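**Q** predicted model, plus sequence, below.
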Amino acid sequence: MDLTGSHILNADTNRIWAMLMDTDTLARIVPGITRLEKTAENEYKAVAEIKMGPVSGSFSGGLTLQDIREGEGYTLHVKQSSKIGNADATIRIDLKPTDEGHTELVFDGGAKLSGLLARTGNRVMSGVAHTLTKQFFNNFEQEIETV
Amino acid sequence: MAKITVKVNGKVYSHEVEPRLLLAHYLREVLSLTGTHIGCDTSSCGSCTIHLDGQSVKSCSMLAVQADGCEITTIEGLAPSGSELHPLQEGFKECHGLQCGFCTTGMIMSAADFLQSNPDPSEEQIRHALEGNFCRCTGYHNIVKSVQWAAQKMKEDKAVTA
Amino acid sequence: MSNKYIGQSVRRTEDKRYITGKGRYTDDIKLVGMTHASFVRSPYAHARVISIDLSAAQNMPGVVAIFTGDDIKATGIVGVPTGWQVNFKNGDTMKEPPHPLLIATGSTSKHIGDPVAVVIAETYAAAVDASEAVEVEWEELDAVTDPFKAAQEGAALVHADAPGNLAFDWELGNPLSEVDEAIAQSAHVTSLEFVNQRMIPNAIEPRAYIGHYEEHIDKYTLYTSTQNPHLIRLLMCAFVLGLPEHKVRVLGPDVGGGFGSKIFHYTEEALVTWASKQINRPIKWTETRSEAFMLDAHGRDHVTKAEMGFDADGNVQALRIKTYANLGAYLSTFAPAVPTYLHGTLLQGLYTTPKIHIDLCGMFTHTVAVDAYRGAGRPEATYLLERLMDLAALEMGKDPVQLRKQNFIPAFNGVSEPGYQTQVALQYDSGNYQGVLDRGVEMLGYENFRQMQREAAQNGKLLGVGFSTYVEACGIAPSAVVGALGARAGLYESAQVRVQPTGKVSVYSGSHSHGQGHETTFAQVVADKLGIPMEDVDIIHGDSDAVAFGMGTYGSRSLAVGGSAIVKSIEKVLEKGAKIAAHKLECAEGDLEYAEGKWTVKGTDQSVSFGDVALTAYVPHVYPQGLEPGLDFSSFYDPANFTYPFGCHIAVVEVDTETGKVTLKRFIAVDDVGNVVNPMIVDGQIHGGLAQGIGQALLEGAIYDENGQLINGSYMDYAMPRADDLPMFELDRQETPCPHNPLGVKGAGEAGCIGSTPAVVNAVIDALWSGGHPVKDIRMPLTPERVWRAMQS
């Protein structure tokens, strides 16, 4: 499943970068995440609750930041498992400053699903991914406004 | 555990059940009414269709506890009192509307509810009414004929009693 | 003898239990002390088991035992075998990697759902809960699911000892050089590259097994939703668990459909049987539909390039085929035979094609096994031939009906005229191919249709007609022939006819019924042959302790082979009965004739009834000297040849030019399945086959993603035909008797599924050509999107 898109956020690149590198902020803005713990440098343990159409479940697993380019972006590797199947996603994130203190966040990657999640969830997954992405950016914008 | 009381095929039962127990499993495992079959896990196949308070319901799509206080008819209790068979049961035999028999009980229960609301259906209406019940053996051809046969029989029976 | 039942649409005697909910399927059976099993399965198509942690699961409430692949490995049980051996072209034995019951640590899963452990618990819910608590650490590996891609360099490897993922390569027919030359010299060559997609059988009853070991009698009982209890017993005892057969009883109770998928010996059958002894309690396992999608052997899955050469007059000169057949990860019971001896051997079709060559690669992939699914190889052969025929007609501007007729093998009855020897190993028994085509065309109203089609095209509506004429091989099969072709079993059938002292008859058949109506059809045959009422006949099947032996029900063989075995036993009953009757009537046996349930002295009114003779056989006070008491005979019937049903299927479709949606307006099927015992049941078999064949053309198909995940593994995603997807079918039949079995019957179980798929696809292609879209192929299933795209290209 492909995960690609972009969004312009109302903050400068430095601020966005700081937010993306902050565990507490990430836990607040990533949809479904209920817990995010740092386990090592750039490695986190994540617990998420996600409901997607006919399948819902509690996911747990790791989140790793790779290929960190200070102020420009990184590659996010998420590996989650659950009773209903596993998800393995690799997403490259790039930040590009645009005019007047805005930042364009571009993401490009894909996710591999397995188990029941793949078998019965696949039909609704691209819709779910779209919804989750929208939620992520809504949350991000709210976070920018409130902090 | 939760206590439920249901009336099934005219008989009242009370049982302590796990809250997650599906009605289909309750009928099969607890009451040993194994004529209600389970053919899938997505409430798609219709093999487990029963009547709940007179309406056809897929018994895998509800919990036993949700049926508390309800009146249930399964295939074992479908034939009207005094008759050996319901007209649909006769129709399925007469028109070879079944082969392996696994979907048949659910198919008959769905059709029975349908004929109550539409006693004189067209072929198209029958096909539409049964699209929630899978059959892999018959290609539905003789199932449609069976339902038509039963509708005719029920009409004739009604004319006789009227 | 009488003629009261054969040929009549007798209503089925088995129906009463089914329509009243009293059918007894395996999952309906409860045994005292019964436990329940749930499997821990691989979520990946290809992954190594690094470790298994049972600690959490073991302490869950209700857990009785947990077994892993390491436990099985320690017993020395290797796995389930395949029943057919195909050799490489160079004579080497095919690759036959083991198919373990459970994957051991360090080994790899080879398709999604491959099991690593089984949890046995007091209740089904407890077993599921605990199986979810088993922690498996996996190392995910690359997978390959497409048979053509599996053959390419660098493809992920399924088995280390099968390089290139090749299980075997295989060829059949005339020398390739001769076929190449004939193609090169052809005036017109129609070529087609296509996929015959993977189908999921989807019997509505999911597989269910109960293993029950009883220590006090040292005996195992396996209740199984199978098409052939004896074959399961043979495979499981002799090749998997090493058990003595007389200590194992296999029961096939009511079985809710099979369509091939319940022929095969599955790992779970052996596992519940084995584990039952370990815990000394019965164990039930019933698969979920989700498991059924993943694990019941799939069907078809060929990637093919086919070329058919014609001379300038449209006479077929040659056929050349290259096919990659997907076998899945493990070789299932009949898997190697399906793309080879049940497919390659049918490529003559009904045509006089003088030169034929097929080259085929049997491929391993990271998918569940592919094996016989209704038709098994013959639908693939028919699809190939009949698509080429209709396409060639379009390309050459010829009429598809005329093109077939000019290439048909002329009619032959197999008695006064010899059978037809094909270029691909078989000898057809009898046929009259033009007869079925003529009747189909008549039912269609062909002339009128073409007129309607032209008018519709002018009004922006696309109508199409598709033809398909097929011949298939069933009634499998002569043991010596299949043995020479690699079968590891004989394919005869057994039947015992036990006449009870009161003249009632119990028949024990090795053919297992799972919807085909044997209890009725067999009883019709027995009642007529003995001249007694059908009510006096009982058919018993599905119990390895009651029935001598059986090869089961598949390949449209039950009446042709199993029915013939019954007839043989009846002949023995009548022969002995005549001796007893002659003694009672004080005449010579030769003076007697048997009819309407009694022996009569010819030309007199002196007779003795069947019941009298039966009683005398069991109360032999006044009895022929030296004759054994009793009236009870067993027979084994080994057919002399396959039987070859044939037919003509015609589809009429309308294609919506805006959306690409195909509506099947009419479906005509004229089948010749030899003599017919019960027309109602035969029609029912054809109907069901048609629905599956049409389902393949328009709706169905398994979809694995590139990682080997089955992404449409549920009824919400796999489009099985529903009541409102299909029209009423228009059926007729022709009866050309089979010349080599006593009933003259051929077989009807698969015919509908064999002929119908290409008829529908041909109809859509015809519709598109009529609208000015000369497309050669649309990949099945013909979804609106695919048809719409084809119209835009």
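**A** Structure's in. What do you need?

**Q** can you list the domains in chain B?
**A** Taking automatic domain parsing as the criterion, chain B consists of the domains B:2-77, B:87-156.

**Q** reformat these as a markdown table; add mean neighbour count and mean pLDDT.
**A** Where you see a C-beta, it was placed from the backbone N, CA and C, and this is true even at glycine. Rendered in a markdown table, the data for the domains of chain B read as follows (neighbours: other CB atoms under 10 Å in any protein chain shown; pLDDT from 0 to 100):
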| stretch | mean neighbour count | mean pLDDT |
| --- | --- | --- |
| domain B:2-77 | 19 | 97 |
| domain B:87-156 | 23 | 98 |
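
**Q** now for C:Gly419: which residues touch it?
**A** For C:Gly419, the contacting residues are C:Phe412, C:Gln427, C:Tyr428, C:Asp429, C:Ser430, C:Asn641, C:Pro739, taking CB atoms under 8 Å, 6 or more residues apart in numbering or on different chains as the criterion.

**Q** change it to 6 Å
**A** Contact analysis of C:Gly419 by CB atoms under 6 Å, 6 or more residues apart in numbering or on different chains lists C:Gln427, C:Tyr428, C:Asp429.

**Q** picking up where we left off before, just so I know, which of the domains of chain B lies nearest C:Gly562?
**A** Nearest to C:Gly562 among these is domain B:87-156 (17.3 Å), distances taken as CB to CB.

**Q** got the end-to-end distance for the closest one?
**A** Terminal residues of domain B:87-156 are spaced 11 Å apart (CA to CA, to the nearest Å).

**Q** do it and chain C meet at all?
**A** Yes: Domain B:87-156 lies within reach of chain C by CB under 6 Å from any CB of the partner chain, at B:89, B:92-93, B:96, B:98-105, B:127-128, B:130-131, B:134, B:136-141.

**Q** look up how far C:Ala297 lies from whatever residue of chain B ends up closest to chain C.
**A** For chain B, the residue positioned closest to chain C under CB to the nearest CB is B:Gly35, at a distance of 1.9 Å. Separation of B:Gly35 from C:Ala297 (CB to CB, to the nearest Å) stands at 29 Å.

**Q** coming back round to it: how about the residue of chain B closest to chain C, phi and psi?
**A** Here is the backbone geometry of B:Gly35 (degrees, to the nearest 10): phi -70, psi -20.

**Q** same for the longest helix anywhere in chain A, what does it pack against?
**A** With DSSP state H setting the assignment, residue counts place helix A:115-146 as the longest helix in chain A. Helix A:115-146 is packed against strand A:2-9, helix A:23-29, strand A:43-52, strand A:55-69, strand A:85-97, with contacts defined by 3 or more CB pairs under 6 Å, 6 or more residues apart in numbering or on different chains; DSSP states H and E.

**Q** C:Gln434 in helix, strand or coil?
**A** Secondary structure, DSSP: H, G, I helix; E, B strand; the rest coil: C:Gln434 is helix.

**Q** dig out what the residue nearest to it when sequence neighbours are not counted forms beta bridges with.
**A** Nearest residue to C:Gln434, sequence neighbours excluded (CB to CB, 6 or more residues apart in numbering or on different chains): C:Phe408, at 5.6 Å. According to DSSP bridges, the partner residues bridging C:Phe408 are C:Tyr351.
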